[in-house]
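Sequence plus predicted model, see below.
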Amino acid sequence: QQQVKQSPQSLIVQKGGISIINCAYENTAFDYFPWYQQFPGKGPALLIAIRPDVSEKKEGRFTISFNKSAKQFSLHIMDSQPGDSATYFCAARPQETSGSRLTFGEGTQLTVNP
Amino acid sequence: DGGITQSPKYLFRKEGQNVTLSCEQNLNHDAMYWYRQDPGQGLRLIYYSQIVNDFQKGDIAEGYSVSREKKESFPLTVTSAQKNPTAFYLCASSRYPDYGYTFGSGTRLTVV
């Protein structure tokens, strides 16, 4: 089974700090790497995504860094705010599957203290 | 507004009973998915469907069944064969071959 491993499981950051969540995938070619944000009792929502032909993508305070050779990608949240407190999931789509079937990481519960 | 509607938000059932969770989308998306979410285990794929009248098992399909008679609807039945059905269930859809998922707000099922 193809896997995406996410770390840490939980993260506590002070307001204004940088939150960093890491994901790694195994020996499979993936062609799409999204990050989802989930608030308690809600469904996940797409936050930002990257394709393997670029090494970094930035949208506001959120940045994805992608290292193709290491098979790793990470989410950086700059100037973290209490409103960013949520669970974050990384995901990846294998090239060989049809459709848009994503494989998700285990999730990271982020708490930003005021 | 376009989106995915899951109902009900909370569902309680007695052990041994089958229960059906509703998922409706008006996004004109081709593919639909059901995920189960348990604390600390991320999102696990139960079933998915890429077109009407066709669906495939995901990673944890045992004890579940689905149908896809209409493009807009993808109901999930949790049968009495599912050994640990209490969980948060999420429905999602996507427009093939685009990759992004749109999720519903989920149904929290509690079996007592």
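Arrived safely.

The least confident helix or strand in chain A by mean pLDDT close to chain B?
In chain A, no helix or strand scores lower on mean pLDDT, DSSP states H and E than strand A:103-104, which sits at a mean of 88. Yes. Using C-beta under 8 Å from any C-beta of the partner chain, strand A:103-104 comes into contact with chain B via residue A:104. Placement of C-beta: from N, CA and C, glycine included.

elements contacting that strand?
When contacts are defined as 3 or more C-beta pairs under 8 Å, 6 or more residues apart in numbering or on different chains; DSSP states H and E, strand A:103-104 packs onto strand A:86-94.

Tell me which residues touch the residue in chain A positioned nearest to chain B, please.
Per C-beta to the nearest C-beta, residue A:43 is where chain A lies closest to chain B, at 3.3 Å. Going by C-beta atoms under 8 Å, 6 or more residues apart in numbering or on different chains, residue A:43 touches B:4, B:6, B:90, B:92, B:103-106.

change it to 7 Å
B:90, B:103-106 (C-beta atoms under 7 Å, 6 or more residues apart in numbering or on different chains).

Show me what residue of chain B gets nearest to chain A.
Ranking the residues of chain B by distance to chain A (C-beta to the nearest C-beta) places residue B:103 first, at 3.3 Å.

And the pLDDT for residue A:28?
In this prediction, residue A:28 carries a pLDDT score of 67.

scratch that, residue A:69
89.

Residue A:102 too?
On the pLDDT scale, residue A:102 gets 87.

if I read this right, it contacts residue A:91, doesn't it?
Yes. Using C-beta atoms under 7 Å, residue A:102 is in contact with residue A:91, at 4.3 Å.

quick one: which of the two has more around it?
Taking other C-beta atoms under 10 Å in any protein chain shown, residue A:102 and residue A:91 do not tie; residue A:102 has more neighbours (28 against 25).

Strands of the chain, residue ranges please.
I'll assume chain A. With DSSP state E as the criterion, chain A has strands at A:4-7, A:10-14, A:19-25, A:30-38, A:45-50, A:56-59, A:62-67, A:72-77, A:86-94, A:103-104, A:108-113.

Switch to chain B, please.
Using DSSP E, the strands of chain B run over residues B:4-7, B:10-13, B:19-25, B:31-37, B:43-51, B:54-57, B:64-66, B:76-78, B:87-94, B:102-103, B:107-111.

Next one: the residue located most distally from the centre of chain A from residue B:102, what distance?
When distances to the mean C-alpha position of chain A are computed (C-alpha atoms, centre = their mean), the maximum falls on residue A:114, with 22.9 Å. Distance, residue A:114 to residue B:102, by C-beta to C-beta, to the nearest Å: 31 Å.

which sections of chain B are below the confidence cut-off?
Chain B contains residues with pLDDT under 70 at B:1, B:96-99.

before we move on, the earlier item: and the least confident helix or strand of chain A, how far out from the chain's middle?
Counting by C-alpha atoms, centre = their mean, to the nearest Å, strand A:103-104 is centred 11 Å from the centre of its parent chain.

quick one: strands adjacent to it?
strand A:86-94 (antiparallel) (DSSP bridges).

Just the buried positions in the partner strand, please.
A:86-93 (16 or more other C-beta atoms under 10 Å in any protein chain shown).

what angle sits between that strand and strand A:108-113?
Here strand A:86-94 points in a direction 150 degrees away from that of strand A:108-113 (axes from the mean of the first three to the mean of the last three C-alpha atoms, to 10 degrees).

what angle separates strand A:86-94 from strand A:30-38?
Going by the same axes, to 10 degrees, strand A:86-94 makes 160 degrees with strand A:30-38.
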